[in-house]
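[1] fold the following.
(one chain, ligands or ions: 1)
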Amino acid sequence: MSTELLTVKDLEVWHKEDSHIENIISDVSFRLKKNGCLGIVGESGSGKSITCKAILGLLDKSFDVKGEVMFNDIHLLKADKRMIRKIRGKEISMILQNPMTAFDPLYTMHYQMAETFIENLKVSKKEALEMSLKVLEDMNMILPKDVLKKYPHQLSGGMIQRIMIGMALFLKPSIIIADEPTTAVDAINVVKLMEEFKKIRENHDTSMIFISHDLGAVAKIADEVLVMKDGRVIEHGETKHLLRYSKNQHTRYLIDTRLSLVDKFHQALGYGGAHAIRSKRIV
Ligand SMILES: Nc1ncnc2c1ncn2[C@@H]1O[C@H](COP(=O)(O)OP(=O)(O)OP(=O)(O)O)[C@@H](O)[C@H]1O
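    Predicted coordinates:
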């Protein structure tokens, strides 16, 4: 039996504006194994988000998507909208880069979380409200009942992000796609969030696509990495092997940029720098 949950083959994305058509993504292919974690790295604008949105049918009509995207036996690019919406809610959850945009500022967290559970799990309003509280308790939020009464802008980016992760987990999807999940979060909460993601990998039967421009974050969690540049995959391989032995100039550039950041950080703290620890750790 195949262990692949998601197979993407020759994905292309084109953007149309008036009579102008521009190719944004080409020849992207990868496989996500059951219980695996694939990291997608690349600089800003390299095509990481558009690739994942294309897979989930989240791009608007100005985009044209070609290729093959198989989730189990379902061709996601050919599936009807109802089927796609069902898969997006229950089977594949996406954690967005900017979590604030995922919630409506006009409604309380309680209302919005409950709506999601009612729609995706077909539960009663009472059950949905209980589930919302359970999500916050599971994420170890302080005063969860108070948090539920708040509007999105009354919470920090880190809290909203943790709520999104908690909701994604509660729905027990087969795949979680996390798009730069640490962007809106301060440094201390980044560490906590990364722990949360590691726990997902250890305790849940969930596969993951983890998108980041930060190779260090990806190295902590992904077994395989796809490196993107200008809308194309320039390298793909097992994380440790790629970080240690890649000869690709751009991949090396991403690794070295990361190392020089770590160097600066360690020098500021009075340590020997990343080069001193390079032999022990990967990045
Ligand atoms: N709505 C849009 N209309 C037209 N082009 C777009 C749109 N969104 C993104 N693009 C283009 O698609 C390319 C890939 O963008 P994408 O957002 O996938 O990059 P990314 O690697 O996720 O970057 P970041 O890390 O900044 O999110 C870029 O060249 C970008 O300009």
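[2] can we go C-alpha only for contacts and neighbour counts from here?
    Fine.
[3] this structure - how does it break down into domains?
    The chain breaks down by the TED database into domains covering 1-91+177-240, 104-172.
[4] got these as TSV, with mean neighbour count, distance to the ligand and mean pLDDT columns?
    Converted to TSV, the domains of the chain look like this (neighbours: other Cα atoms under 10 Å; distance: least, Cα to the nearest ligand atom, whole Å; pLDDT from 0 to 100):
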stretch	mean neighbour count	distance to the ligand	mean pLDDT
domain 1-91+177-240	18	3	89
domain 104-172	18	16	90
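[5] right, so of those, which gets closest to His250?
    Closest of those to His250 is domain 1-91+177-240, at 8.2 Å (criterion: Cα to Cα).
[6] what's opposite the residue nearest to Arg31 when sequence neighbours are not counted in the beta bridge?
    Excluding its sequence neighbours, the residue lying closest to Arg31 (Cα to Cα, 6 or more residues apart in numbering) is Thr7, at 4.5 Å. In this entry, Thr7 is beta-bridged to Arg31, Met70, by DSSP bridges.
[7] the stretch 1-150 of the chain: helices as residue ranges?
    Ranges of helices within the stretch 1-150 of the chain are 48-55, 81-86, 109-121, 125-138, 144-149, based on DSSP state H, counting those that start in this stretch.
[8] reformat those helices as TSV; add distance to Val65.
    Listed next are the helices of the stretch 1-150 of the chain as TSV, based on distance: least, Cα to Cα, whole Å:
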stretch	distance to Val65
helix 48-55	7
helix 81-86	15
helix 109-121	26
helix 125-138	35
helix 144-149	38
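[9] tell me which helix or strand comes right after the host helix or strand of Ile234.
    Following DSSP states H and E, one finds Ile234 within strand 232-238. Going down the chain from strand 232-238, the next helix or strand is helix 239-245, by DSSP H and E.
[10] how about that following helix as CSV, C-alpha atoms only?
    What follows is helix 239-245, C-alpha atoms only, in CSV (Å, rounded to 0.1, in the frame of the first residue of the first chain):
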residue,chain,number,x,y,z
THR,A,239,16.9,17.6,5.5
LYS,A,240,20.1,16.6,7.3
HIS,A,241,21.8,15.5,4.1
LEU,A,242,20.8,18.6,2.2
LEU,A,243,22.0,21.0,4.9
ARG,A,244,25.3,19.2,5.3
TYR,A,245,26.2,18.3,1.8
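[11] flag every buried residue along that helix.
    Neighbour-count burial for helix 239-245, counted by 16 or more other Cα atoms under 10 Å, picks out 239-240, 242-243.
[12] show me where this protein has strands.
    Taking DSSP state E, the strands of the chain run over residues 4-17, 20-33, 37-41, 63-71, 74-75, 92-95, 175-179, 207-212, 224-229, 232-238.
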